[in-house]
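Undergrad: after the sequence you'll find the predicted model.
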Amino acid sequence: MPELTGPVRRPVRKKASSDAPESAAGSRAAAQRLKMRRELASAAMELFGAKGYEATTVDEIAAQAGVARRTFFRHFRSKEEAIFPDHDDTLVRAEAVLNAAPPHEHPLDTVCRGIKEVMRMYAASPVVSVARYKLTREVPTLREAEIASVARYERLFTRYLLGHFDEHEQHDGNDDPLLAEVAASAVVTAHNHVLRRWLRAGGQGDVEARLDHAFAIVRDTFGTGIGAGRTAERTPAATVRSSGEVLVTVARTDAPLDEVMRTIEQALRKR
């Protein structure tokens with residue numbers, strides 16, 4: 001019992017207060033790391049555009065960015081990786097979206113929100129994204145690196161969807177891995193379809209609206225059999241009732257906006 005008295009709690013409070021500067025330092029280090037990665041990527045893109053991909057060396061990229069060769073290799077393993085500086089951080093943000101998902105949100109909606117982090121990464125720098133897209137079309141090595149990045153997102157979303165199948169649906173339990181992989185692939189494919197069209201258009205247009213439309217198609221096609229969990233019955237995002245010429249909608253506070261809008265749209269079509 002003496003161990004539980006006041007004198008023992010003081011070091012705990014002291015440790016908690018000392019965690020704050022360490023956390024802030026970690027955040028600063030992460031920001032500096034991302035800044036350097038982007039500077040190296042920008043230097044690489046400039047040289048690729050001026051000299052061509054094959055003729056550009058790692059030493060030239062480092063010199064263009066004003067750093068040493070060893071600094072380049074602290075951030076990238078090769079010049080192929082240098083034009084995709086944000087995928088590691090974007091993957092972390094996408095996983096954070098999955099981990100923080102509301103309990104009643106449809107898992108496919110959660111995955112769609114997660115992959116929107118990828119679109120936001122591209123949309124943050126349209127000019128660079130369009131140039132990078134053109135370059136990856138011309139250089140097979142870069143295309144392969146891009147495909148490898150896409151596979152990482154698919155694996156993340158497949159793992160998330162596993163275990164989110166509705167036990168009341170009639171399907172072989174052995175099909176769960178297949179259903180999860182197909183659904184995850186459908187979300188990624190829909191995203192990439194919209195992304196490619198946006199890039200081909202020079203990064204112009206309302207890409208968010210196009211994404212929501214594509215995701216609605218995926219949800220309607222692949223949503224059957226995937227629920228918010230095996231043990232809990234999923235609560236609808238919104239319900240609509242008609243009163244004369246007026247539709248009254250009641251929605252959960254954590255309901256995804258696109259799902260609420262789909263419910264309203266379906267109700268209006270039935271009138």
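TA: Cool, the structure landed.
Undergrad: any stretches of the stretch 101-250 of the chain with poor pLDDT?
TA: Scanning the stretch 101-250 of the chain for pLDDT under 70 picks out 165-174, 224-237, 243-247.
Undergrad: where exactly do the helices run in it?
TA: 107-123, 126-138, 140-161, 176-200, 207-222 (DSSP state H, counting those that start in this stretch).
Undergrad: buried set for the second one?
TA: If you call a residue buried by 16 or more other Cβ atoms under 10 Å, then helix 126-138 has these buried ones: 128-133, 135-136. (Each C-beta comes from the backbone N, C-alpha and C, glycine too.)
Undergrad: could I get the residues you listed as CSV with distance to residue 35?
TA: As requested, the buried residues of helix 126-138 are exported to CSV (distance: Cβ to Cβ, whole Å):
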residue, distance to residue 35
128, 15
129, 18
130, 22
131, 20
132, 18
133, 23
135, 22
136, 23
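Undergrad: and the residues you listed, which is closest to residue 108?
TA: residue 129 (25.8 Å; Cβ to Cβ).
Undergrad: skipping adjacent residues, who's closest to the closest one in space?
TA: Excluding the flanking residues, the one nearest residue 129 by Cβ to Cβ, 6 or more residues apart in numbering is residue 122, at 4.4 Å.
Undergrad: any idea how far residue 110 is from the one you found?
TA: Using Cβ to Cβ, to the nearest Å, we find residue 122 at a distance of 21 Å from residue 110.
Undergrad: was I right about the residue nearest to residue 129 contacting residue 195?
TA: Yes - using Cβ atoms under 8 Å, residue 122 is in contact with residue 195, at 6.3 Å.
Undergrad: ok, back up a step: next, find the distance separating the residue nearest to residue 129 from residue 46.
TA: 19 Å.
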